[in-house]
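1. Mind looking at a prediction? Sequence and model below.
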Amino acid sequence: MKVEGSHTLAAPRERVFQALTNPATVAKLLPGCETLEPAGTDTFRVKMKLGLAALSGAYEGTVKLSEQRPPEHLRLSVTSRGPWGFADGEGTLDLLEQSGKTEVRYAGEVKVGGMIASVGQRLLDGAARMVLGQFFQALEREAAQN
């Protein structure tokens, strides 16, 4: 499943990039994140609890940051396993300065397996949009506070 889009935040690009690369902040940005612990250079173990209809449950995985070009570019790789299967994703975030605001353009791909894959594309698309919406709302709050 491909995901792409953009979101404009009322915060400077440097502040947004800093929020996206600070582990304590990232833990607040990920919907349902219970723990985010270091697991190597720019890699973190994550435990999440998602309440997304047929996909509800506890998930564990990793988040890896790479290709960091502050304050304009970042690549994320995510793996997760849970009671209903797995979801692995990789994507990029490009931050564009716009008169004191920041446009975050994201593009990536998510692969799912197990029971998650059987719920249907429409439900998966809706779940992805909901999680991305929650992520960007949290990012907007965090970037505005710092």
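-> Yes, it's here.
2. got the residue ranges for the strands in the protein?
-> 2-9, 33-38, 43-50, 57-69, 73-82, 85-98, 101-113 (DSSP state E).
3. ok, Ser11 - contacts?
-> Check again: residue 11 is Ala, not Ser. Going by Cβ atoms under 8 Å, 6 or more residues apart in numbering, Ala11 touches Lys101, Thr102, Glu140, Ala143, Ala144. Any C-beta I mention is one placed from the backbone N, CA and C, and that applies to glycine too.
4. swap in Ala10?
-> Gly100, Lys101, Glu140, Ala143, Ala144.
5. how about the strands of the chain in a markdown table, adding mean pLDDT?
-> Listed next are the strands of the chain as a markdown table, based on pLDDT from 0 to 100:
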| stretch | mean pLDDT |
| --- | --- |
| strand 2-9 | 95 |
| strand 33-38 | 95 |
| strand 43-50 | 94 |
| strand 57-69 | 96 |
| strand 73-82 | 96 |
| strand 85-98 | 95 |
| strand 101-113 | 95 |
